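1. Sequence first, predicted coordinates after that:
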Amino acid sequence: MSTKFEGLDQGDAEAPRDGADAASAQADSPAWMPATELLGAYARGELSPVEATDAVLEAIDRGNPALNAFCLVDADGAREAARGSEERWRRGEPLGRLDGVPTSIKDIMLTRGWPTLRGSLNTDPDQTWEQDSPVVARLREEGAVFVGKTTTPEIAWKGVTDSPLYGVTRNPWDLDKTPGGSSGGAAAAVAAGMGPLATGTDGGGSVRIPASFSGVFAIKPTWGLVPHYPASAFGSLAHSGPMTRTVADAALMLDVITRPDYRDWARLASPAYSFAESLETPMRGLRIAYSPALGHLSVDPEVARIVARAAAAFEELGAVVEQADPPVPESLEHFQILWYTGAAKATEALGDAQRERLDPGLREIVEEGLTYSAQDYLTAMATRMSMGEAMGRFHREYDLLLTPAMPIAAFEAGLEAPPGSGERRWTSWAGFSYPFNMTQQPAASVPCGFTGAGLPVGLQVVGPRHADPLVMAACRAFETARPWAHLRP
């Protein structure tokens with residue numbers, strides 16, 4: 001039995017199989033409902049947060065043994081929180097905008113009462129965990145029901161998800177493949193119906209890579225828009241953002257997690273607008289650049305065809321779409337200087353025995369990071385500044401930039417680079433993502449089709465700094481024209 005994917009590009013072969021009887025039996029489960037729909041059902045008394053949470057916990061019980069998306073599941077705590085939410089909705093007094101919505105937290109973010117081990121054998125779980133990171137604090141204040149923590153590579157250092165502590169995380173669309181990373185557990189959880197909302201972090205593509213590989217939506221907001229604490233060792237490359245099945249759910253999260261937190265000294269002012277209320281901004285008359293390869297990258301031909309057809313959808317929406325490459329030079333060397341020195345900083349307190357316990361790839365980049373000088377670092381920062389100026393000039397002509405989110409579809413799980421590529425590091429295939437961490441621009445990955453092998457492909461939508469609402473509106477317009485949220489692995 002195969003499924004016709006209405007609107008969304010099927011690539012060069014028929015669409016993936018739909019899971020047949022098991023999928024159809026679970027089709028009506030509240031676990032698959034977007035947060036916006038859950039909240040409406042709670043308000044009308046048609047569904048309770050307890051029912052929704054139970055459905056998500058059942059999905060985790062069913063799917064996590066194969067996926068390894070969660071490293072911690074707190075079923076008792078989630079049910080207790082859901083019962084409290086149920087009573088508030090019964091009284092007509094919800095705590096906030098997310099009251100009763102099942103939500104997962106990436107195991108990089110501090111979460112009160114739960115250990116944050118960061119995928120590392122070197123973090124002692126036996127300590128007092130008393131703080132929430134800013135994102136977690138804002139979600140808790142709005143009534144989100146935390147179901148557990150999702151897997152990450154050690155200290156979120158690479159674009160796939162496996163770690164010495166938690167092992168290999170897998171892709172719901174094909175268990176032999178990686179979901180991407182470093183927010184791979186979050187992406188796999190959302191894609192598999194294990195909660196509509198998930199938190200992610202992105203220092204070089206870590207929400208956009210897994211969103212593209214796993215067929216979900218994610219946005220890396222303008223740097224500083226979402227408060228971050230503790231400060232990342234990767235500095236101003238590191239962003240936090242939502243991962244969801246719908247753009248509206250991500251907008252709902254952004255309206256919550258962009259609220260201020262005094263612990264982040266570099267945070268931007270809270271937005272004076274609502275993301276949720278900005279989603280219907282029309283595309284008509286916008287000038288949009290489509291860059292199929294950023295001028296120099298190699299892209300899988302099937303992925304390239306799917307993304308090109310997706311870019312053309314914006315012409316149907318009334319925008320003017322032109323093929324144009326932004327004036328951004330190849331920046332891999334300078335990104336790696338910043339990334340590798342950040343990894344060295346993150347592990348500087350470890351002793352020799354602890355260093356031996358690191359992910360071998362992480363240990364290699366730490367050693368390389370220690371060889372760079374202050375002059376190397378400042379030269380890399382100067383490259384960032386020139387890239388930012390060039391993109392600022394580019395966006396004086398174009399409102400948005402479209403590219404492939406990734407040049408390839410998901411490859412074998414447990415590897416850092418595709419087999420046969422001749423490459424060792426994840427940065428070799430992430431050339432569409434890390435440049436926009438260098439420039440700190442908002443960038444999203446929106447599902448735009450499937451390969452003939454049934455693997456998701458993402459379209460990247462990039463805007464100038466502070467144009468986050470426009471990026472979200474563009475993704476919402478594409479979602480409306482080419483719906484995907486009904487598709488399930």
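-> Thanks, I have it.

2. Can you tell me the centre-most residue of this structure?
-> The structure's the chain has its C-alpha centroid closest to Val207; by CA atoms, centre = their mean the separation is 2.3 Å.

3. Go ahead and confirm that one touches Thr201.
-> Yes. Here Val207 lies in contact with Thr201, judged by CB atoms under 8 Å, at a distance of 7.1 Å. Every residue, glycine included, has its C-beta placed from N, CA and C.

4. Give me the common contacts of these two.
-> Counting by CB atoms under 8 Å, 6 or more residues apart in numbering, the contacts common to Val207 and Thr201 are 183, 239, 241.

5. Are we agreed that the last one is in a helix?
-> No. Using DSSP: H, G, I helix; E, B strand; the rest coil, the assignment for Gly241 is strand, not a helix.

6. which residues touch it?
-> 199-202, 207, 218-221, 226, 250, 254.

7. same question, Ala467
-> 222, 395, 399-400, 442.

8. Go again with 10 Å.
-> Contact analysis of Ala467 by CB atoms under 10 Å, 6 or more residues apart in numbering lists 222, 395, 399-400, 441-442, 473-474.

9. Ok, Glu280 next?
-> 473, 476-477, 480.

10. Compare these and tell me which has the most neighbours.
-> Ala477 (26 neighbours; other CB atoms under 10 Å).

11. pull the CA atoms of the strand or helix carrying it into PDB?
-> For Ala477, the host element (DSSP states H and E) is helix 468-481. Listed next in PDB are the C-alpha coordinates belonging to helix 468-481 (Å, rounded to 0.1, in the frame of the first residue of the first chain):
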ATOM      1  CA  ASP A 468      12.200  36.400  11.700                       C
ATOM      2  CA  PRO A 469       8.400  37.100  11.300                       C
ATOM      3  CA  LEU A 470       8.900  37.300   7.500                       C
ATOM      4  CA  VAL A 471      10.800  34.000   7.400                       C
ATOM      5  CA  MET A 472       8.000  32.300   9.400                       C
ATOM      6  CA  ALA A 473       5.300  33.800   7.200                       C
ATOM      7  CA  ALA A 474       7.100  32.500   4.100                       C
ATOM      8  CA  CYS A 475       7.300  29.000   5.600                       C
ATOM      9  CA  ARG A 476       3.600  29.200   6.500                       C
ATOM     10  CA  ALA A 477       2.700  30.200   3.000                       C
ATOM     11  CA  PHE A 478       4.700  27.300   1.600                       C
ATOM     12  CA  GLU A 479       3.100  24.900   4.100                       C
ATOM     13  CA  THR A 480      -0.300  26.100   3.000                       C
ATOM     14  CA  ALA A 481       0.600  25.600  -0.700                       C
END
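
12. any chance of the contacts of Glu280 in CSV, plus distance to Met283 and pLDDT?
-> Formatted as CSV, the contacts of Glu280 follow (distance: CB to CB, whole Å; pLDDT from 0 to 100):
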residue, distance to Met283, pLDDT
Ala473, 8, 98
Arg476, 10, 98
Ala477, 5, 98
Thr480, 10, 97
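
13. out of the residues you listed, which one sits closest to Thr258?
-> Checking these against Thr258 by CB to CB gives Ala473 as the nearest, at 16.0 Å.

14. Please tell me I have it right and the closest one contacts Arg284.
-> No. Using CB atoms under 10 Å as the test, Ala473 is too far from Arg284 to be in contact (11.7 Å).

15. what's the spacing between Met194 and Ile108?
-> 18 Å (CB to CB, to the nearest Å).

16. Which other helices and strands does the helix or strand harbouring Gly458 contact?
-> Secondary structure from DSSP H and E places Gly458 in strand 456-462. Strand 456-462 sits against helix 208-214, strand 217-220, strand 287-290, helix 301-316, strand 400-404, helix 435-438, strand 443-450, helix 468-481, with contacts defined as 3 or more CB pairs under 10 Å, 6 or more residues apart in numbering; DSSP states H and E.
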